[in-house]
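J.: turn this into a structure:
(2 chains)
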Amino acid sequence: MDRSKLFIGNCYAVSPEIVARRFRRIKSVTLKGKPRFSDFNMLPLDWGANVHSWLVMFAKVYPFLEELRLKRMTISDESLELLAKSFPGFKALSLSSCDGFTEIGLKAIASHCRNLTELNIQDSITEEVGGGWLSSFPENFASLQVLNFSSLNGDLNFDDLEKLVSRCKLLRVLKVNDSITLDQLQRLLVHVPRLTELGTGSFLQELTPRQYEEIETAFCNCRNLQVLSGLWEATSLYLPLLYGACASLTFLNLSDVPLHSGEFAKLLAHCPNLRCLWVIDSVEDKGLEAVGLSCPLLEELRVYPADPYDRHHRDGVTELGFLAVSRGCPKLHYVLYFCRRMTNAAVVTIVQNCPDFTHFRLCIMTPCQPDYLTNGPMDEAFGAVVKTCTKIKRLSVSGLLTDQTFEYIGQYAKDLETLSVAFAGSSDWGMQCILEGCPKLRKLEIRDCPFGDSALLSGREKYEMMRSLWMSSCSVTMKGCRLLAREFPRLNVEVIREEGGDEDQAHKVYVYRSVAGPRRDAPPFVLTL
Amino acid sequence: MSTEIGSILSEMESSACLKTELTLGLPGGGAAPSKPGSKRGFGDMADLKLGVGCDRGDEVSVSTPPPSKEQVVGWPPVRSYRKNMMKSCKYVKVAVDGAPYLRKVDLEMYSSYEQLLAALEEMFTCLAICDVMNERKIMDSANGIEYVPTYEDRDGDWMLVGDVPWNMFVETCKRVRLMKSSEAAIGLSPKTSSNGLSMN
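T.: Residues are numbered from 1 along each chain as shown, chains lettered A, B, ... in the order given. Okay, the predicted model is just below:
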């Protein structure tokens, strides 16, 4: 068997030494670090997941390394330099939700990776990154196929970018950041009409009629475009520029541009082949009705909140929008839906319309919000999801929920792998139902639920078969955590206590299986039991 | 601590991309073996007042929501870098005296008073903006009632729309009210000085 690719879902489940002993001739590594809730600022900085010790080992043992894909890890400039200089055949670097680097590290990559085909930086938090790194690519460097720096803050030297893009004839993915203007984008597009994925820059610009025409033509020439994103500050004024590029589009990512329903519907009319749509709830239910009408092939929908902290009391989307989509898009199997209003009845109908859900992530943004019509719990909604959608693999629940929801999940969701729970449940029994009922559970993340030591310990036999458990702001105590840790040496039980809080309370608990023992890089605020 | 990894399970079916995830499962994926003394471990749990199973009768607590206006860390679960969410978001309520409903406008969508008034005209279709004695006035064509566009600023004062530069208006405006001309004389703040309106 060709074992040249390594996938490590939790970097602390194993150590570089163990991996090096066990695997030879690795060309591709995927490493994931922090728990997912770190995306939402729930972990202090310097929690860990620094990739450096891994790179030191890889440099020794895997000289033929070609690909490194990191998710939620910290990578410093020093690490990037080590990477750049240690692997002569290095081709692909992908950093998703990573942090710790600046343009110094990127310069090192650009200067030394002669065979680079992919530089993919996504959702990564950086300080303002200067644009000088682009000029570090050598003059004869032309191998890039994927270039994504859309999440980097900071201005770039456009000339450097244009020179680079014009040299790289194989470029098929180009995602720029919002410092790139429309007319600059046009100049880039002229060099790469065969793009399959495009992330535009900002649309905030006053165009002359001639510029408008040129840009429109440039977009029309992108006949192979499957994925479109970016579109910062696009309004109805310049959205029509895109229409010519949308015929083959399968994935439209509007999660960075809050559109209104009218301009959104007009854009959708030009995208008959959409399978995946990410949008902001500024389009409201009316916009989602247009989705139901225009996107019969839709398989994935994500609706993000424009105003997550409800500062402006906007309507956003409700159960009506979701219903409209379910009626028109029977192939829908992945949904992420942020709303302020939902009913059990709507969800029951939605899953009847779309029984093939594998990923159902419903976020009713006000914690413990009841059914809008009945004012009761939302238990039956999620009950309907797990009863009707037999293939459900990932579930995020929200709203007012009692233990009944978890009874349903434990009873019916036999393929469930990932469950996210917040502000829900009535007692330990709820969590116990999950742990005893879902045989394929791999990741369980819980916050602000009334689950205590009894619930935690009810899953003690199960955690070694899962990737991880996260519990924060629940009722777990240090005593319960210590019991778990003592009985299961192959589990790492890490606790972060609340500053100034009760010393017995285990404020944040992270439990994961590991053959590497307790981690040696834990910062002082992380207690390993 | 054993350095043996145990069985390796393959995650992807496709042979083009064979990933291996390191697991702790025994060959055959069985459950962890029972360890001697584990029962003693559970004896310790007695003082945590735990039953063998959870007694559903023990009501621990129902999940309660946080105090309503308090912003909870990490909730809703959106990435903080989504900075541009708030950018074009200057929604203000627009009320028309005598009309039973409110509308909302996003002031960021307009770059001048003309544009805003045109939008209001569209929204409240019974209204028309006319030039009356060289002033912008809003008129209900059905009953001839004149309205004066006013707004409440950050200090809570009611001002006449158009008094301050547009950008300052966008920044300070909290809500808009189309006030009947007849009432405008009483209702506006003394700060406002504008043609055609008598002040107290």
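
J.: what comes up buried for the longest helix along chain B?
T.: With residue count as the measure and DSSP state H as the assignment, chain B has helix B:113-123 as its longest helix. Of the residues in helix B:113-123, those with enough neighbours to count as buried (16 or more other Cβ atoms under 10 Å in any protein chain shown) are B:Leu116, B:Leu117, B:Ala119, B:Leu120. Backbone N, C-alpha and C define where each C-beta goes, glycine included.

J.: now do that helix, average pLDDT.
T.: If you average the pLDDT over helix B:113-123, you get 78.

J.: can you pull the contacts of A:Leu119?
T.: If you count contacts by Cβ atoms under 8 Å, 6 or more residues apart in numbering or on different chains, A:Leu119 has them with A:Leu93, A:Ile109, A:Leu144, A:Val146, A:Leu147, A:Asn148, A:Phe149.

J.: export stretch A:344-352 as CSV, just CAs?
T.: Once non-C-alpha atoms are left out, stretch A:344-352 reads as follows in CSV (Å, rounded to 0.1, in the frame of the first residue of the first chain):
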residue,chain,number,x,y,z
ASN,A,344,-40.2,22.6,15.0
ALA,A,345,-42.9,22.3,12.3
ALA,A,346,-40.6,24.0,9.7
VAL,A,347,-37.7,21.7,10.4
VAL,A,348,-40.0,18.6,10.2
THR,A,349,-41.1,19.8,6.7
ILE,A,350,-37.6,20.7,5.7
VAL,A,351,-36.2,17.3,6.3
GLN,A,352,-39.1,15.7,4.6
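
J.: list the contacts of it.
T.: Here stretch A:344-352 makes contact (Cβ under 8 Å, 6+ apart) with A:319-320, A:322-323, A:326, A:357, A:360, A:362, A:371, A:373-374, A:376, A:378-382, A:384-385, A:388-389.

J.: any buried residues in that stretch, and which?
T.: Neighbour counts using 16+ other Cβ under 10 Å place A:Asn344, A:Ala345, A:Ala346, A:Val347, A:Val348, A:Thr349, A:Ile350, A:Val351 of stretch A:344-352 among the buried residues.

J.: these in helices, which ones?
T.: With helices identified by DSSP H, the entries of those that belong to them are A:Asn344, A:Ala345, A:Ala346, A:Val347, A:Val348, A:Thr349, A:Ile350, A:Val351.

J.: any chance of CSV for those, columns pLDDT?
T.: Written out in CSV, the entries for those read as follows (pLDDT from 0 to 100):
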residue, pLDDT
A:Asn344, 98
A:Ala345, 98
A:Ala346, 98
A:Val347, 98
A:Val348, 98
A:Thr349, 98
A:Ile350, 98
A:Val351, 98
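
J.: distance of A:Met57 relative to A:Ser15?
T.: Going from A:Met57 to A:Ser15 by Cβ to Cβ, to the nearest Å gives 9 Å.

J.: and A:Arg194, by the same measure?
T.: Distance of A:Arg194 to A:Ser15, computed by Cβ to Cβ: 43 Å.

J.: repeat for A:Ser38
T.: In this structure, A:Ser38 and A:Ser15 are separated by 21 Å, where distance is defined by Cβ to Cβ.

J.: also A:Pro63?
T.: A:Pro63 sits 20 Å away from A:Ser15, going by Cβ to Cβ.

J.: out of those two, which sits in the more crowded spot?
T.: Under the criterion of other Cβ atoms under 10 Å in any protein chain shown, the comparison of A:Pro63 against A:Ser15 puts A:Ser15 first, with 20 against 12.

J.: now that one: closest residue in space, sequence neighbours ignored.
T.: A:Ala516 (3.8 Å; Cβ to Cβ, 6 or more residues apart in numbering or on different chains).

J.: wouldn't that neighbour be in contact with A:Val19 here?
T.: No. Counting by Cβ atoms under 8 Å, A:Ala516 sits too far from A:Val19 to count as a contact (9.5 Å).

J.: hmm, back to that, and the longest helix of chain B, what does it pack onto?
T.: In terms of contact count using 3 or more Cβ pairs under 8 Å, 6 or more residues apart in numbering or on different chains; DSSP states H and E, helix B:113-123 is assigned the packing partners strand B:102-106, strand B:127-132, strand B:135-140.

J.: what about the second one, average pLDDT?
T.: This means strand B:127-132. What strand B:127-132 shows for mean pLDDT is 58.

J.: filter the contacts of stretch A:344-352 down to just the ones in strands.
T.: Among the contacts of stretch A:344-352, the residues falling in strands (DSSP state E) are A:Phe360, A:Leu362.

J.: what stretches of chain B score poorly on pLDDT?
T.: Low-confidence segments of chain B, defined by pLDDT under 70, span residues B:1-71, B:80-89, B:122, B:124-137, B:141-142, B:185-200.

J.: identify the bridge partners of the residue of the stretch 51-200 of chain A found nearest chain B.
T.: Per Cβ to the nearest Cβ, the residue of the stretch 51-200 of chain A with the smallest distance to chain B is A:Ile125, at 6.0 Å. Beta-bridge partners of A:Ile125, counted by DSSP bridges, are A:Asp99.

J.: hang on, it packs against A:Ser96?
T.: No. In this structure A:Ile125 lies outside contact range of A:Ser96 using Cβ under 8 Å: 11.4 Å.

J.: low-confidence ranges, the stretch 1-150 of chain A, go.
T.: Scanning the stretch 1-150 of chain A for pLDDT under 70 picks out the ranges A:1-2, A:126-128.

J.: quick check: residues of it near chain B?
T.: Residues of the stretch 1-150 of chain A that fall close to chain B, judged by Cβ under 8 Å from any Cβ of the partner chain: A:1-3, A:5-9, A:13-14, A:18-19, A:21-22, A:30, A:37, A:39-42, A:123, A:125.

J.: that's a helix at A:Leu400, yeah?
T.: No. The assignment for A:Leu400, made by DSSP: H, G, I helix; E, B strand; the rest coil, is coil rather than a helix.

J.: against A:Arg340, how distant is it?
T.: Separation of A:Leu400 from A:Arg340 (Cβ to Cβ): 13 Å.

J.: who touches both of these two?
T.: Shared contacts of A:Leu400 and A:Arg340 (Cβ under 8 Å, 6+ apart): A:Gln369.

J.: so which bits of the stretch 151-300 of chain A are right by chain B?
T.: Taking Cβ under 8 Å from any Cβ as the criterion, the contact residues of the stretch 151-300 of chain A with chain B come out as A:Ser151, A:Asp178, A:Trp232, A:Glu233, A:Thr235, A:Ser255, A:Asp256, A:Val257, A:Pro258, A:Ile280.

J.: tell me which of these fall in strands.
T.: Counted as lying in strands by DSSP E, out of these, are A:Ile280.

J.: just to revisit the earlier point, mind pulling up the pLDDT for the residue nearest to A:Ser15?
T.: Looking at A:Ala516, its pLDDT stands at 95.

J.: just the one 10 residues further on next, same as before
T.: According to the per-residue confidence, A:Val526 scores 92 in pLDDT.

J.: give me the element the residue nearest to it when sequence neighbours are not counted is part of.
T.: Closest residue in space to A:Val526, ignoring its immediate chain neighbours: A:Glu494 at 5.3 Å, by Cβ to Cβ, 6+ apart. Under the criterion DSSP states H and E, the helix or strand holding A:Glu494 is strand A:491-496.

J.: got it, and A:Val29?
T.: Residue-wise, A:Val29 maps onto strand A:28-32 under DSSP H and E.

J.: same question, A:Ala84
T.: Short version, using DSSP H and E: A:Ala84 is in helix A:77-86.
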